[in-house]
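> Turn this into a model:
(one chain, ligands or ions: 2)
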Amino acid sequence: MSQSAIQTVSPPMSAPMSLMERLNRSALNLGVPLSVHLDVTYRCNERCEHCYLEHDGDNELNTAEIRNYLQQIADAGTFFLTISGGEPLLRRDCFEIIEFARELGFNVKLKTNAVLIREKEALRLRELGVEQVQVSIYSHKPEVHDAITKLPGSLAKTLNGVRLMRAAGLKVTFANVLMRSNAGDNIGVQELAHQTGSQYTLDPTITPMLNGDSGVLDLRLPPEQLHELFHDERMVNNVSDFCAPPAPVDEEIREGIPCSAGHTSAYVSPWGLVYPCVQFPLPCGDLRQQTFSDIWKNSSQFSEVRSIRAKDLSTCSSCSHLGTCTRCPGLAFMEGSMRGPSSADCEKSFIRTGITTAGMLAGHAQSVRSSSNSQLIQIQL
Ligand code: SF4
Ligand code: SF4
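Ligands and ions are numbered 1, 2, ... in the order given. As a prediction, the model looks like this:
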């Protein structure tokens with residue numbers, strides 16, 4: 001789940017675009033769902049303390065349904081397909097699904113905890129041409145990782161799976177969600193990633209559960225630790241750029257779209273419900289009732305999401321962070337309005353730069369926790 005700052009609709013005339021930028025731009029102009037994230041199950045063999053899912057497996061899509069919907073998604077022009085869960089390898093037909101997805105020509109990324117990966121599975125994933133495997137690792141210390149996943153021995157099993165996949169020649173990325181219980185372990189996990197020849201990504205975002213329960217938000221890193229993280233050269237490529245005050249908001253930013261959700265990407269649940277993003281629980285249609293293309297083109301919910309420009313946002317449109325904030329419309333939606341601020345992103349913008357956000361001033365960001373008594377410096381009010 002990546003978050004992005006406001007995306008401008010047309011490129012600056014002078015800036016050369018990368019191939020990916022050109023692909024995204026074309027998909028946006030043509031209304032193509034370039035990327036789809038499919039959760040094939042919410043069942044899982046771990047019980048991570050911060051997980052936003054209920055692990056219900058009733059009435060999941062069967063193999064024939066998934067094949068049918070993948071064909072529809074391919075026909076709609078999708079190229080990037082993320083297969084995730086829950087733990088996707090708990091499905092007996094997981095490799096059949098991946099094989100069919102590859103036959104359709106998707107670029108497949110798999111998200112797994114790798115606990116069930118043995119040599120046979122690693123070799124099969126490589127043979128199928130899976131582009132990348134993302135594995136959640138919370139700590140380099142077994143007692144910390146296993147306490148988070150609530151599965152004894154899980155770090156050892158996961159790392160065994162990682163080594164087998166690397167030996168098979170697969171690209172592996174460590175996804176390191178950082179929270180109170182594993183605060184400070186990011187360097188150890190980063191080293192482990194390097195030792196195994198894997199990429200490393202860090203995410204301090206904890207989201208409410210999809211059933212609305214926000215109790216898990218108490219697990220988020222305290223502001224002081226988030227501040228340390230954002231100012232650590234080992235974690236952030238260029239701290240002075242990352243934490244610099246935002247550039248002035250111009251017309252191009254005001255006309256930009258919040259993110260790719262609903263514009264060039266969509267999410268499909270294990271029951272075939274379609275949403276703008278895995279982190280944006282606005283139901284837009286049901287594949288058991290309608291075709292993917294019908295939902296993508298005609299759903300009133302997708303139309304509403306697509307109609308929003310940065311200048312239309314209720315509080316954020318007047319915020320100095322508008323062009324650089326990672327504001328997630330899905331998190332904002334969970335807080336009450338897809339046009340409102342997301343308090344987690346308000347917090348990040350403030351902690352990065354020390355500059356008060358419009359959301360804080362409007363009282364939206366109650367969860368910009370203890371900002372008045374923290375060590376953070378406000379350089380602009
Ligand atoms: S809704 Fe947008 S910003 Fe939020 S996680 Fe999805 S793509 Fe990222
Ligand atoms: S109000 Fe908050 S969420 Fe909105 S742009 Fe500003 S910092 Fe980001």
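
> Give me the distance between M360 and ligand 1.
Spatial separation of M360 from ligand 1 under the definition C-beta to the nearest ligand atom, to the nearest Å is 20 Å. For every residue, glycine as well, the C-beta is placed using N, CA and C.

> tell me which element that residue falls in.
helix 358-361 (DSSP states H and E).

> can you tell me the average pLDDT over that helix?
The average pLDDT within helix 358-361 is 94.

> That one: which residues count as buried?
Taking 16 or more other C-beta atoms under 10 Å as the neighbour-count basis, helix 358-361 is seen to contain the buried residues 358-360.

> Next: stretch 54-71.
For stretch 54-71, the neighbour count (16+ other C-beta under 10 Å) marks 55, 60-61, 66-70 as buried.

> swap in stretch 309-320?
Within stretch 309-320, the residues scored as buried using 16+ other C-beta under 10 Å are 309-310, 313-317, 319-320.

> How about stretch 82-94?
When burial is assessed from 16+ other C-beta under 10 Å, stretch 82-94 yields the following buried residues: 82-91, 94.

> Give me the contacts around it.
Residues from elsewhere that reach stretch 82-94, judged by C-beta atoms under 8 Å, 6 or more residues apart in numbering: 35-46, 53, 55, 60, 63, 66, 97-98, 101, 108-113, 115-117, 121, 270, 278.

> now the end-to-end length of that stretch.
End-to-end distance for stretch 82-94, by C-alpha to C-alpha, to the nearest Å: 13 Å.

> Mind checking if it is in reach of ligand 1?
No: for stretch 82-94 and ligand 1, the contact criterion (C-beta under 6 Å from any ligand atom) is not met; the two come no nearer than 11.7 Å.

> How far off centre is that stretch?
Going by C-alpha atoms, centre = their mean, to the nearest Å, the spacing between the C-alpha centre of stretch 82-94 and its chain's C-alpha centre is 17 Å.

> And the strands in the stretch 51-200 of the chain?
Here the stretch 51-200 of the chain has its strands, by DSSP state E, counting those that start in this stretch, at 80-84, 107-112, 132-136, 172-177, 199-203.

> List the strands paired with the third one, with their directions.
Right, strand 132-136. If you go by DSSP bridges, strand 132-136 pairs up with strand 107-112 (parallel), strand 172-177 (parallel).

> could these go into TSV alongside mean neighbour count?
Shown next, in TSV, are these (neighbours: other C-beta atoms under 10 Å):
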stretch	mean neighbour count
strand 107-112	22
strand 172-177	20
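
> do you know which of those strands lies nearest ligand 2?
Go through the strands paired with strand 132-136 one by one with C-beta to the nearest ligand atom and the one that ends up closest to ligand 2 is strand 172-177, at 20.6 Å.

> Could you look up the SS state of V274?
When classified by DSSP: H, G, I helix; E, B strand; the rest coil, V274 comes out as strand.

> how much space between it and P258?
With distances defined as C-beta to C-beta, to the nearest Å, the gap from V274 to P258 amounts to 19 Å.

> Please tabulate the strands of the stretch 51-200 of the chain in a markdown table, including the columns mean pLDDT.
Putting the strands of the stretch 51-200 of the chain into a markdown table (pLDDT from 0 to 100) gives the following:
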| stretch | mean pLDDT |
| --- | --- |
| strand 80-84 | 98 |
| strand 107-112 | 98 |
| strand 132-136 | 98 |
| strand 172-177 | 97 |
| strand 199-203 | 95 |
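
> and the stretch 201-350 of the chain, which residues reach ligand 2?
315-316, 319, 321-322, 325, 327, 341-342, 345-346, 349.

> let's see it at 8 Å
Within reach of ligand 2 by C-beta under 8 Å from any ligand atom, the stretch 201-350 of the chain has these residues: 313, 315-316, 319-322, 325-327, 332, 340-343, 345-346, 348-350.

> of those residues, list those near ligand 1.
For ligand 1, the contacts drawn from these by C-beta under 8 Å from any ligand atom are 326-327.

> So which of the residues of the stretch 201-350 of the chain next to ligand 2 are in helices?
The subset of those located in helices under the criterion DSSP state H comprises 332, 343, 345-346, 348-350.
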